[in-house]
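Asks: coordinates only, sequence not included:
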């Protein structure tokens, strides 16, 4: 059995605990927390973060479920000094710097850290890579949604007069179709996605002003066609409490002879954090196997032989899935 | 530059030659043939199969483009005794036996052979594996088409009174939709695909009898709803000379918490052999790198770290694609 630890017990951490129950060869041993371990449900194997060293040789891998903005840049290298790790660091622009810091920490400790696992970065990256390698003359496109963006929902909640809000990122169907046609269109940000906001306003708030502040917000909304709907707190709870997401990676290109070829990978997820957790758990299995073979330092899903994700043997995979 | 040889110069072999022209780090050095090398276009680097030994240290990898029925079972182990190889062996039921024979030959010679590359087996297998690993409680479905099946086209051509024919395998749209819904339907062979045949009959042939013989043909057609259209030789040439294909691998499953999740990979190809060739070429790059690291014996695309397919460095991949 692979002995697994979890660090951070938010949506993804809870998803990882659940996901482990679907894997016959993995067992949850410890959930590290910065809060008081006694404040959690007594059935959970909570451990104070300060006691990490005592667990050094009692876990095969720790799945880091903290956020990319502030948790992982600190927690990642700290944990890599003691354990093999997997995380879902997803600030794309900062991946090279985070990789370097994890590579340094893990190499020094003789551990292995797989960073930026999940679906984007993760499975989507894998498909972008395959598309580029197999169809070198072509274009790739990533569409996200329809799904909830936490970052954009949070941005709306900071607008004065907003009590609560949720934001959906929605791919523009005409853009997806234009891409699928193989014409390799050049698409602006506005042409690819729209943003759909459901807002609960505080009583007496100026709704027109709230809407104006949302649709003109730089970085988050000003480059998009944004629609704002005002709803009640009850409607928000009833209709928008899930965390669905998904998207498409499409590569279209031409063979050297001129034939049009298209590769497409898509996800439709009722729960984004639970799916991310399922991917992290498979990556944890892969990390344990790669480390057992002597691999150390940092790596990503682009470096993992796919068979290492699966519980089945190579022979069984060839017989049943190949 | 990676020095590449091709063995077998049919549709896939020609596709490989073309595909190599799109890869900046690979060069075609030799095309092995059992025919008289002098009978080919003088621009082609044709080499008699009998002269293989002279090329032993002059190639990094040979891409085997023979057929799975009779060519590869003999040619594969012969070539693996001298070269690292890649092939597209696609008789699913015989993969374990072929793997064993290639493993034996390549291990003895210290070479590395990647077998069963392409899209199915190949990319579709990779997606079946990812689906099974990430969503262990679920079902997977593979649909092929719309596309030309050479085996079925050949079977029709053997019917008395048939001058020429082409067969398209067509996924049933309702079945694809039922699968995408996440209901995990149990589908019979007949419910998943239909077979569409365009037949050129010999003059005076009994068309009703031809149709009867096709639709009742065991293994090939009797388990399917099959439609037969009689067309002229000219229509066949004009409208059905391409080799399009494609299909879908869909995995639907539930997280441990009960959320429905769907993963889907699809291909739409104007040229099946040219796409297979593009995949083989990337696999050849991966084989050369894996062999340089000391890996020997047989392997499949399930064993290849995806980064090895790409021309870019790991650093560049993380910066641009992850």
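Replies: Right, received. Where do you want to start? All values derive from a computational prediction rather than experimental measurement. Residues are numbered from 1 along each chain as shown, chains lettered A, B, ... in the order given.
Asks: Provide a list of residues in contact with residue A:192.
Replies: The contact partners of residue A:192, taken as CB atoms under 8 Å, 6 or more residues apart in numbering or on different chains, are A:141, A:143, A:171-172, A:175. (Each C-beta comes from the backbone N, C-alpha and C, glycine too.)
Asks: please redo it, this time with the cut-off set to 10 Å
Replies: Contacts for residue A:192 were tallied using CB atoms under 10 Å, 6 or more residues apart in numbering or on different chains; they are A:141-144, A:169, A:171-172, A:175-176, A:179, A:185, A:224.
Asks: Now that we have those, which of them are buried?
Replies: Buried residues within the contacts of residue A:192, defined by neighbour count using 16 or more other CB atoms under 10 Å in any protein chain shown: A:141-144, A:169, A:171-172, A:175-176, A:179, A:224.
Asks: Show me the residues you listed that map onto helices.
Replies: The subset of those located in helices under the criterion DSSP state H comprises A:175-176, A:179.
Asks: for the worst-scoring helix or strand of chain A on mean pLDDT, packing partners?
Replies: Within chain A, confidence by mean pLDDT, DSSP states H and E is lowest for helix A:150-157 among all helices and strands, at a mean of 93. For helix A:150-157, the contact count by 3 or more CB pairs under 10 Å, 6 or more residues apart in numbering or on different chains; DSSP states H and E identifies strand A:162-171, strand A:193-201, helix A:207-215, strand A:225-230 as packing neighbours.
Asks: in the helix or strand encompassing residue A:74, what counts as buried?
Replies: Counting by DSSP states H and E, the element that carries residue A:74 is helix A:71-80. For helix A:71-80, the neighbour count (16+ other CB under 10 Å) marks A:71-73, A:75-77, A:79-80 as buried.
Asks: do stretch A:42-53 as well
Replies: Taking 16+ other CB under 10 Å as the basis for neighbour counts, the residues of stretch A:42-53 that come out buried are A:44, A:46-47, A:52.
Asks: now swap in stretch A:256-276 and tell me
Replies: By neighbour count, with 16+ other CB under 10 Å as the criterion, the buried positions of stretch A:256-276 are A:256-257, A:259-276.
Asks: contacts with chain B among those residues, please.
Replies: Intersecting the buried residues of stretch A:256-276 with the surroundings of chain B, defined as CB under 10 Å from any CB of the partner chain, gives A:256-257, A:259-275.
Asks: Just the ones of those residues in helices?
Replies: A:272-275.
Asks: Which of those residues sits closest to chain B?
Replies: Taking CB to the nearest CB as the measure, residue A:274 is the one of those closest to chain B, at 3.9 Å.
Asks: How about stretch A:240-253 and chain B, any contact?
Replies: Yes: counting by CB under 10 Å from any CB, chain B is contacted by stretch A:240-253 at A:242-244, A:246, A:248-250, A:252-253.
Asks: who touches residue A:309 in this structure?
Replies: By CB under 10 Å, 6+ apart, the residues touching residue A:309 are A:279, A:281-286, A:289, A:301, B:129-130, B:132-134, B:302.
Asks: can you do 6 Å?
Replies: Contacts here follow CB atoms under 6 Å, 6 or more residues apart in numbering or on different chains; on that basis residue A:309 touches A:282, A:286, B:133.
Asks: What of residue A:140?
Replies: Residues A:128, A:131, A:251 are the ones in contact with residue A:140 under the rule CB under 6 Å, 6+ apart.
Asks: got a pLDDT number for it?
Replies: Here, the pLDDT recorded for residue A:140 equals 94.
Asks: how near is it to residue A:179?
Replies: Residue A:140 sits 9 Å away from residue A:179 when distances are taken as CB to CB, to the nearest Å.
Asks: again, but for residue A:262
Replies: Distance, residue A:262 to residue A:179, using CB to CB: 9 Å.
Asks: I'd like to know which residues of the stretch 101-250 of chain A are adjacent to chain B.
Replies: Applying CB under 6 Å from any CB of the partner chain, one finds that the stretch 101-250 of chain A approaches chain B through A:116, A:121, A:125-126, A:128-129, A:133-134, A:136-137.
Asks: Among the ones in helices among the buried ones among the contacts of residue A:192, which one sits closest to chain B?
Replies: Of all those, chain B sits closest to residue A:179, with 12.0 Å by CB to the nearest CB.
Asks: All the strands of chain A, residue numbers only.
Replies: In chain order, chain A shows strands spanning A:2-7, A:26-33, A:46-48, A:61-64, A:85-87, A:112-114, A:138-144, A:147-148, A:162-171, A:193-201, A:225-230, A:245-254, A:260-269, A:297-299, with DSSP state E as the criterion.
Asks: who's in contact with residue A:195?
Replies: With contact set as CB under 6 Å, 6+ apart, residue A:195 has these partners: A:221, A:224, A:226.
Asks: Could you rerun that using 8 Å?
Replies: Residue A:195 makes contact with A:152, A:167-170, A:221, A:224-227, according to CB under 8 Å, 6+ apart.
Asks: Then residue A:320?
Replies: The neighbourhood of residue A:320, defined by CB under 8 Å, 6+ apart, consists of residue A:312.
Asks: Please repeat the previous calculation with a cut-off of 10 Å.
Replies: So, once contact is read as CB under 10 Å, 6+ apart, residue A:320 ends up touching A:312, B:92, B:125, B:128-129, B:132.
Asks: okay, these in TSV with pLDDT and neighbour count next?
Replies: Written out in TSV, the entries for those read as follows (pLDDT from 0 to 100; neighbours: other CB atoms under 10 Å in any protein chain shown):
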residue	pLDDT	neighbour count
A:312	95	15
B:92	91	17
B:125	98	27
B:128	98	24
B:129	98	24
B:132	97	22
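Asks: Out of these, the closest to residue B:189 would be?
Replies: Proximity of those to residue B:189 (CB to CB) peaks at residue B:92, which lies at 15.1 Å.
Asks: ok, the residue lying closest to that closest one once chain neighbours are set aside - how many residues close by?
Replies: Excluding its sequence neighbours, the residue lying closest to residue B:92 (CB to CB, 6 or more residues apart in numbering or on different chains) is residue B:121, at 6.6 Å. A count of neighbours around residue B:121, defined by other CB atoms under 10 Å in any protein chain shown, yields 24.
Asks: for residue A:55, same thing?
Replies: Residue A:55 has 17 neighbours, counted by other CB under 10 Å.
Asks: Ok, residue A:288 next?
Replies: For residue A:288, which is what you asked about, the neighbour count (other CB under 10 Å) is 20.
Asks: what sits against it?
Replies: The neighbours of residue A:288, taking CB under 10 Å, 6+ apart as the test, are A:2-4, A:25-26, A:60-61, A:84, A:86, A:112, A:308.
Asks: Spit out the contact partners of the spatially most central residue of chain A.
Replies: The centroid of chain A falls nearest to residue A:118 when counting by CA atoms, centre = their mean (4.3 Å). With contact taken as CB under 10 Å, 6+ apart, residue A:118 is in contact with A:12, A:86-90, A:124-125, A:272-273, A:275-280, A:283, A:301.
Asks: Equivalent analysis for residue A:219, please.
Replies: Taking CB under 10 Å, 6+ apart as the criterion, residue A:219 is in contact with A:151-152, A:155.
Asks: Next, it: phi, psi?
Replies: Note on residue A:219: backbone dihedrals following degrees, to the nearest 10 are phi 70, psi -50.
Asks: confidence score at it?
Replies: At residue A:219, the model reports a pLDDT of 89.
Asks: and it, how far is that from chain B?
Replies: Look at residue A:219 and chain B: by CB to the nearest CB, to the nearest Å, they are 21 Å apart.
Asks: cool, and residue A:112?
Replies: Taking CB to the nearest CB as the criterion, residue A:112 is separated from chain B by 13 Å.
Asks: That residue: what's it in contact with?
Replies: The contact partners of residue A:112, taken as CB under 10 Å, 6+ apart, are A:61, A:80, A:83-86, A:102, A:106, A:286-299.
Asks: Now which of those would you call buried?
Replies: With neighbours counted using 16+ other CB under 10 Å, these contain these buried positions: A:61, A:80, A:83-86, A:102, A:106, A:286-291, A:296-299.
Asks: Run through the bridge partners of residue A:27.
Replies: Beta bridges link residue A:27 to residue A:3, judged by DSSP bridges.
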